[in-house]
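Trainee: Sequence plus predicted model, see below.
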Amino acid sequence: MQGGTNLADSESEETIALELRGLGKAYGRGTRAKRAVDDVSLCVRCGEVYGFLGPNGAGKSTTIRMALGLIRPSAGEAFVFGRHVTEKGALARVGSLVDGGTFYAFLSGRDNLRVLARTQGHDGERIEQVLERVDLSGDAHRKVKGYSTGMKQRLGVAAALLDNPDLVILDEPANGLDAAGIQDMRALIRGLAGEGKAVFLSSHLLHEVEQICDRVAVVNKGKLLREATVGELLAKGEVLRVDAEPADAAIAALGDRWPVEATDKGLSVRASRADTPEIVRLLTAAKVDVFAIGPDDRSLEEIFLTMTRDPQDA
Ligand SMILES: Nc1ncnc2c1ncn2[C@@H]1O[C@H](COP(=O)(O)OP(=O)(O)OP(=O)(O)O)[C@@H](O)[C@H]1O
């Protein structure tokens, strides 16, 4: 089957840079098999920064490796610009940073990029440009063995951009960067999307994802828990925090009308401000004491912790 032929009619192959369909990866066999990735489906479009967010061990790196055809999935398929990732030449428009990049320690940063340019079949006319872009021009003559983790990370991003890819896949791009480096990286990634490129990045740093991503997939234990825009995830203006007791009775009173979630700081009710009087009436009728109702300005971090919390820990 030709990849991309199943894409929704309204979206051309050009706008969808990466599509993962039901990707799964199990390690080990039989009863000892471990599902590192379980039925992950998502699309990354040109011009957007898509964050793949999850705690350590969630399956982010494994998914990225499958998306790049570096490891074979146990289930599902990955398509890049409508072509199956294992197809010859499918990755021609993709630049990636995985495991912080692999470099020759005894060559300079610039010479590493020269070697890479040769393997990519071009003469490296973009080397100075990408070095400049990751703020490494001043250190490009130095041997990589003397680089800090953050410098290696920036060189890795330079390498990912060398062939002017349309899809950039970055596994934990903020790793090893200091605060200033993170800010620069943020600007660089937004700039890539501004040029119409698609960026797919993984992170366990919620703050980073909140700052730079258009859309986010939250993953935990191999499963995609939710896919949403950052705005949807924060659900600004659509969620109320209700401080009322007893909580069980409050949930029973409101649960039929609005989705209610118990959090560490009271109840989170997916309702608008205009619903406040009705919420108060229902709670009062149910003999629930109401202490406060207001907008739920939970950070992405809190939402993430609620979503990924193991029920057994609760
Ligand atoms: N080659 C492997 N053999 C067996 N188990 C593996 C292998 N690679 C990964 N795993 C397991 O799969 C799960 C997902 O790992 P993965 O590295 O994809 O997670 P991650 O979200 O990238 O986390 P981290 O940021 O810690 O790398 C983990 O439990 C990990 O131990």
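Mentor: Cool, the structure landed.

Trainee: Can you report how many residues lie near the residue nearest to A117 when sequence neighbours are not counted?
Mentor: Spatial nearest neighbour of A117, excluding adjacent residues (Cβ to Cβ, 6 or more residues apart in numbering): G124 at 3.3 Å. Any C-beta I mention is one placed from the backbone N, CA and C, and that applies to glycine too. Neighbours of G124 under the rule other Cβ atoms under 10 Å: 17.

Trainee: G124 reaches V115, doesn't it?
Mentor: No. Using Cβ atoms under 8 Å, G124 makes no contact with V115, being 9.2 Å away.

Trainee: Which elements pack onto the host helix or strand of A160?
Mentor: Under the criterion of DSSP states H and E, A160 resides in helix 149-161. Secondary-structure packing of helix 149-161 (3 or more Cβ pairs under 8 Å, 6 or more residues apart in numbering; DSSP states H and E): strand 94-97, helix 109-120, helix 127-133, strand 167-171, helix 179-194.

Trainee: what's the following helix or strand after the longest one?
Mentor: Along the chain past helix 179-194, the next helix or strand (assigned with DSSP H and E) turns out to be strand 198-203.

Trainee: How is this protein partitioned into domains?
Mentor: Structurally, the chain divides into domains by the TED database as follows: 10-234, 240-297.

Trainee: now the longest one, how far from the centre of its chain.
Mentor: Here domain 10-234 is found 9 Å from its chain centre; the criterion is Cα atoms, centre = their mean, to the nearest Å.

Trainee: Quick check: mean pLDDT of that domain?
Mentor: Computed over domain 10-234, the mean pLDDT rounds to 91.

Trainee: on that earlier part again, extract the CA atoms of the helix holding A160 and return them as PDB.
Mentor: Taking Å, rounded to 0.1, in the frame of the first residue of the first chain, the C-alpha atoms of helix 149-161 are listed here in PDB:
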ATOM      1  CA  THR A 149      27.100  18.700  27.100                       C
ATOM      2  CA  GLY A 150      25.200  21.800  26.100                       C
ATOM      3  CA  MET A 151      27.700  22.600  23.200                       C
ATOM      4  CA  LYS A 152      27.400  19.000  22.000                       C
ATOM      5  CA  GLN A 153      23.700  19.300  22.100                       C
ATOM      6  CA  ARG A 154      23.900  22.500  20.000                       C
ATOM      7  CA  LEU A 155      26.200  20.800  17.600                       C
ATOM      8  CA  GLY A 156      23.700  18.000  17.400                       C
ATOM      9  CA  VAL A 157      21.000  20.500  16.400                       C
ATOM     10  CA  ALA A 158      23.300  22.100  13.800                       C
ATOM     11  CA  ALA A 159      23.800  18.600  12.400                       C
ATOM     12  CA  ALA A 160      20.100  18.000  12.300                       C
ATOM     13  CA  LEU A 161      19.600  21.300  10.300                       C
END
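
Trainee: which outside residues touch that helix?
Mentor: Residues outside helix 149-161 that contact it (Cβ atoms under 8 Å, 6 or more residues apart in numbering): 95-97, 100-101, 103, 109, 112-113, 116, 126, 130-131, 133-136, 139, 144, 147, 168-170, 173, 175-178, 181, 185, 188, 192.
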